[in-house]
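S.K.: What follows is a predicted protein model with its sequence.
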Amino acid sequence: MALIGPGGRPVTSQPAQNAAAAGPASPWIKDSGLQTFAADVLEASREVPVIVDFWAPWCGPCKQLGPALEKAVTEANGAVKLVKIDIDQNPEIAQQLRIQSIPTVYAFKNGQPVDGFQGALPDSQVKQFVAGLTGAGHGHGHGGPEHTAEVLAMAAEAVAAGDMATAAHAYGHVLQDEPGHPAAVAGLARCYLLGGDAERAKTTLQLVRPDGTNDDAIRAVEAELKLLESAAAAPVPGAHAELEAKLAADPNDHQARHDLALALDASGDRDRAIAELLELVKRDRKWNEDAGRKQLVTLFEAMGPADPRTIEARRKLSSLLFA
């Protein structure tokens, strides 16, 4: 059995180098694997939050993130633990938790994942992540449906005001009380998405409990991520005039209209994007395997069923499809 170094890494080779780079061993950091995962993570997280770092020796970003995690956990002085999982040695765990890239970090509380991210983060964000798990800035111990509703409302107000840090902390608070809560998972994922971290948003969505995967809030964020991927392939904003010129020359250039709708939505003009897609469906509803209708449905999911734009556009789409 390999000795465990202070960073939670197995000391199996180059002992002199490891000893030179290592400080005093931390009692709150350890390696784990398939046989001990339940005890080290699931059971231990019923006492304090447990951060799980999925890494591999060949992973460059892992070598950047690992020390930052270890330092932040050590400074938390027992308020949180860190468990490191080498995915090369434990592929079963990686498969069960759908780990698609590394480094991936999950935080567990009461036996359930409550937060997570992918990729190396700056030290300041790592500290913020750990602080959120230890309850910094939260008044834990409330719980209950009324308290959850109150915190979710506060988080929504913070998002509307552009205060993503406050919103993320509020959603994280709900998730520590109720792991996998769909609205809180979706809200936290949206905070990351609005902050430009699409990968962390994707990872966060995986935290939703099984009965919440079809929740409207979850589907809305999934749709926004899908739209973001479409936007990556959309023409640049400067191409609007060129696409509009094509349509002026040939109103039945469906590809140009579809591309214009994607470009408009990517630049933030969703109302015009909806109008162009409705016009596309009106002119040729079956074009490119219902591409216009499918893109509209994605927009509807992203905006949510109660959004006035969704309600109005659905009414117009229905009149076109069933005329």
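M.R.: Yes, it's here.
S.K.: in what helix or strand does N77 lie?
M.R.: Using DSSP states H and E, N77 maps to neither a helix nor a strand.
S.K.: Report the backbone C-alpha coordinates of stretch 208-222 in CSV.
M.R.: Taking Å, rounded to 0.1, in the frame of the first residue of the first chain, the C-alpha atoms of stretch 208-222 are listed here in CSV:
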residue,chain,number,x,y,z
VAL,A,208,-29.7,17.5,-9.7
ARG,A,209,-31.5,14.7,-7.9
PRO,A,210,-33.0,12.0,-10.2
ASP,A,211,-36.6,13.2,-9.9
GLY,A,212,-35.6,16.7,-11.0
THR,A,213,-33.9,16.1,-14.3
ASN,A,214,-37.1,17.2,-16.2
ASP,A,215,-37.7,20.2,-14.1
ASP,A,216,-38.4,23.3,-16.1
ALA,A,217,-35.6,25.2,-14.5
ILE,A,218,-33.1,22.5,-15.3
ARG,A,219,-34.4,22.2,-18.9
ALA,A,220,-34.1,26.0,-19.3
VAL,A,221,-30.4,26.0,-18.4
GLU,A,222,-29.8,23.0,-20.6
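S.K.: Can you give me every residue that contacts the residue nearest to the spatial centre of the chain?
M.R.: Residue closest to the average C-alpha location in the chain (C-alpha atoms, centre = their mean): A201, at 1.6 Å. Taking C-beta atoms under 8 Å, 6 or more residues apart in numbering as the contact definition, A201 lies against 189-190, 192-193, 221, 225. For the C-beta atoms, the positions are set from N, CA and C on the backbone; glycine is no exception.
S.K.: pretty sure A183 is touching A153, no?
M.R.: No: counting by C-beta atoms under 8 Å, A183 stays clear of A153, with 10.4 Å between them.
S.K.: ok, back up a step: any idea of the pLDDT on the residue nearest to the centre of the chain?
M.R.: If you check A201, the pLDDT there is 90.
S.K.: on that earlier part again, who has more neighbours out of A183 and A153?
M.R.: Taking neighbours as other C-beta atoms under 10 Å, A183 and A153 compare with A183 leading, 21 against 11.
S.K.: can you pull out the helices in the stretch 101-250 of the chain?
M.R.: Secondary structure of the stretch 101-250 of the chain by DSSP state H, counting those that start in this stretch: the helices cover 123-133, 145-160, 164-177, 182-194, 198-205, 216-232, 240-249.
S.K.: so where's this protein uncertain?
M.R.: Scanning the chain for pLDDT under 70 picks out the ranges 1-25, 135-144, 233-239, 323.
S.K.: Need the residue in it that's farthest from the chain's center.
M.R.: The chain, farthest from centre, C-alpha atoms, centre = their mean: A249 at 42.4 Å.
S.K.: To D307, which of the helices of the stretch 101-250 of the chain lies closest?
M.R.: Nearest to D307 among these is helix 216-232; the distance by C-beta to C-beta comes to 9.4 Å.
S.K.: got the angle for that closest one vs helix 182-194?
M.R.: Angle between the axes of helix 216-232 and helix 182-194 is 20 degrees (criterion: axes from the mean of the first three to the mean of the last three C-alpha atoms, to 10 degrees).
S.K.: what separates the residue farthest from the centre of the chain from E242, distance-wise?
M.R.: Using C-beta to C-beta, to the nearest Å, A249 is found at 11 Å from E242.
S.K.: And I29, by the same measure?
M.R.: On the measure of C-beta to C-beta, I29 and E242 end up 56 Å apart.
S.K.: For the two, indicate the residue with more neighbours.
M.R.: Neighbour count, other C-beta under 10 Å: between I29 and E242, I29 has more, with 23 against 13.
S.K.: Would you check that the more buried one makes contact with A72?
M.R.: No: counting by C-beta under 8 Å, I29 does not reach A72; the two are 10.7 Å apart.
S.K.: Name the residues of stretch 303-313 that are buried.
M.R.: 303, 310, 313 (16 or more other C-beta atoms under 10 Å).
S.K.: Identify the residue nearest the first one in space, chain neighbours excluded?
M.R.: With C-beta to C-beta, 6 or more residues apart in numbering as the criterion, M303 has its nearest non-adjacent residue at 4.8 Å, and that residue is T310.
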